[in-house]
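Student: Task: produce atomic coordinates for the following.
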Amino acid sequence: MTALLTIIVLVFILIAIWQMVKIFDLAQARQESTTAGVATDKDNTMNGYLMMGFLAFIYVITIVCCVKYGDLPLMSNSASEHGPTIDNLMVISMVIIFFVQTVTQFLLHYFAYKYKGEKGKKALFFADNNKLEFIWTIIPVIVLAGLIIYGLNTWINIMGVDESDDPLVVELYAQQFNWKARYGGADNTLGKANVRLIDIDRANILGLDESDPNAQDDVITTELHLPVGRPVLFKMRSQDVLHSAYMPHFRAQMNCVPGMITQFGFTPTKTTAQMRETQQMKDKVQHINEIRTEKSKALIAKGEDALERYEFDYLLLCNKICGKSHYNMQMKIVVETQEEYDAWMKEQKEFKNSLIN
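Tutor: Numbering: from 1, shown residues only. Predicted coordinates:
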């Protein structure tokens, strides 16, 4: 299927180049006859049929892709409190775009066919039509205004983290090409930090201010653990270049900018174990492992190790191209019960006890 689509694309590219060459020749060549190079009724009829044929091709390939490669419902595996609202906004936007694209493409190709050039036929046109211009201007304005207002209201609700809810404060620290998480410790308050204070010899890898009392009980980890049902407020920093903290299942993304602190908040609603037990995730994991099993056969035949079986985990990814190992910049996220989170936190070493004297 991929090869067929590649061939089709190449054919259309060649046709486009050929047409551009013809246009260039017509524009540059000086013809003795004023009628030379002018399309005939036969040419126009042929182009009209080709436009309708291409319209049919667009609709057929769209239907085939939706049936064969579509995954409906489009978005249904969110694991955060605001996730369904984001999904709803995205579905509404895609439905509107699909409807408008379908109608406009039909009109574009049908008009090219119906009003193709014919000898002796003069096109009817309006130099201006205030009513028509008002209609085709006000409809997009209303639709876009509705989407923008809905989206803005959604964004305000997501970003308006209520401090009175006692959110868990976590810093996400980005650097080429890994993530670190820093927790505020027992007081849930992050200590001061600056990249200029980084001291590798003392294992102060995030540049915490060693004289700040709030920094003493901070906890630095390479795995992000979150308690389910509790609001989390992320503070984000970058050590080097622009990164973007992207947690797809939580419908969360925010840039990590060198020299400044950005933030994003959400409330996890499904533990890792609960997400693994959903039918959609079971089907996905089974499909991935079937592929890995097939590929492992070829590897084993070559004397190489088989691929490991895939198990679902939430991930924190970098969604900005930040360098040659950007593709592998990720950190495991574990969503668990409050009791499991507390037990895990007790096993972690506080900043004051992690320094090398």
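Student: And residue 13, how close does it get to residue 46?
Tutor: Separation of residue 13 from residue 46 (C-beta to C-beta, to the nearest Å): 21 Å. Every C-beta, even on glycine, is put in place using the N, C-alpha and C of the backbone.
Student: Compare neighbour counts for the two and give me the winner.
Tutor: Shown here are residue 13 and residue 46; by other C-beta atoms under 10 Å, residue 46 has more neighbours (13 against 10).
Student: residues of the helix or strand the more buried one falls within that come out buried?
Tutor: For residue 46, the host element (DSSP states H and E) is helix 41-69. By neighbour count on 16 or more other C-beta atoms under 10 Å, the buried set for helix 41-69 is 44, 48, 51, 55.
Student: Stretch 270-287 too?
Tutor: Neighbour-count burial for stretch 270-287, counted by 16+ other C-beta under 10 Å, picks out 270, 271, 272, 275.
Student: go on, stretch 210-228?
Tutor: By neighbour count on 16+ other C-beta under 10 Å, the buried set for stretch 210-228 is 210, 214-221, 224-228.
Student: Now for residue 183: which residues touch it?
Tutor: 168, 169, 170, 171, 218, 219, 220, 221, 345, 348 (C-beta atoms under 8 Å, 6 or more residues apart in numbering).
Student: Point out the ones among those residues that are inside strands.
Tutor: Residues of the contacts of residue 183 located in strands (DSSP state E): 168, 169, 170, 171, 219, 220, 221.
Student: Tell me the pLDDT of the second one.
Tutor: Think residue 169. For residue 169, the model assigns a pLDDT of 93.
Student: That one contacts residue 181, doesn't it?
Tutor: No - contact criterion C-beta atoms under 8 Å: residue 169 and residue 181 do not qualify, at 11.2 Å.
Student: what's the burial count for residue 312?
Tutor: Counted with other C-beta under 10 Å, the neighbours of residue 312 add up to 17.
Student: I meant residue 172, not that one.
Tutor: Neighbour number of residue 172 under other C-beta under 10 Å is 24.
Student: How about it: which residues does it bridge to?
Tutor: When bridges are called by DSSP bridges, residue 172 pairs up with residue 181, residue 236.
Student: that older thread, check which helices and strands the helix holding residue 46 sits against.
Tutor: Packing partners of helix 41-69 (3 or more C-beta pairs under 8 Å, 6 or more residues apart in numbering; DSSP states H and E): helix 83-114.
Student: what is the orientation angle of the helix it packs on with helix 41-69?
Tutor: Comparing the axes of helix 83-114 and helix 41-69 via axes from the mean of the first three to the mean of the last three C-alpha atoms, to 10 degrees yields an angle of 160 degrees.
Student: What helices and strands are in contact with the following helix or strand past helix 83-114?
Tutor: Using DSSP H and E, the next helix or strand after helix 83-114 towards the C-terminus is helix 130-159. Where contact means 3+ C-beta pairs under 8 Å, 6+ apart, helix 130-159 is packed against helix 83-114, strand 262-266.
Student: What mean pLDDT does stretch 5-12 get?
Tutor: Per-residue scores along stretch 5-12 average to 80.
Student: How about residues contacting it?
Tutor: By C-beta under 8 Å, 6+ apart, no residue outside stretch 5-12 reaches it.
Student: CA atoms only: put it into PDB for me.
Tutor: Output of stretch 5-12 as PDB, limited to C-alpha atoms (Å, rounded to 0.1, in the frame of the first residue of the first chain):
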ATOM      1  CA  LEU A   5       0.900   5.600  -2.600                       C
ATOM      2  CA  THR A   6       4.500   6.500  -3.300                       C
ATOM      3  CA  ILE A   7       4.100   5.800  -7.000                       C
ATOM      4  CA  ILE A   8       0.900   7.800  -7.200                       C
ATOM      5  CA  VAL A   9       2.600  10.800  -5.500                       C
ATOM      6  CA  LEU A  10       5.500  10.600  -7.900                       C
ATOM      7  CA  VAL A  11       3.200  10.500 -10.900                       C
ATOM      8  CA  PHE A  12       1.400  13.600  -9.700                       C
END
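Student: from the helices and strands packed on helix 130-159, which stretch is densest packed?
Tutor: strand 262-266 (a mean of 19; mean count of other C-beta atoms under 10 Å).
Student: helix or strand right after it?
Tutor: Heading C-terminal from strand 262-266 (DSSP H and E), you reach helix 272-276.
Student: Show me what that next one is packed against.
Tutor: Against helix 272-276 (3+ C-beta pairs under 8 Å, 6+ apart) you get helix 279-301, strand 330-336.
Student: just checking, which of the ones you listed comes out with the lowest mean pLDDT?
Tutor: helix 279-301 (a mean of 91).
Student: So what's the gap between the next helix or strand after it and the chain middle?
Tutor: Using DSSP H and E, the helix or strand that directly follows helix 279-301 along the chain is strand 314-318. Offset of strand 314-318 from its chain centre (C-alpha atoms, centre = their mean, to the nearest Å): 12 Å.
Student: Restrict strand 314-318 to CA atoms and write it as PDB.
Tutor: This file holds the C-alpha atoms of strand 314-318, laid out as PDB (Å, rounded to 0.1, in the frame of the first residue of the first chain):
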ATOM      1  CA  TYR A 314       3.100   6.400  30.600                       C
ATOM      2  CA  LEU A 315       5.900   8.500  29.100                       C
ATOM      3  CA  LEU A 316       7.300  12.000  29.300                       C
ATOM      4  CA  LEU A 317       8.700  12.900  25.900                       C
ATOM      5  CA  CYS A 318      10.500  15.800  24.300                       C
END
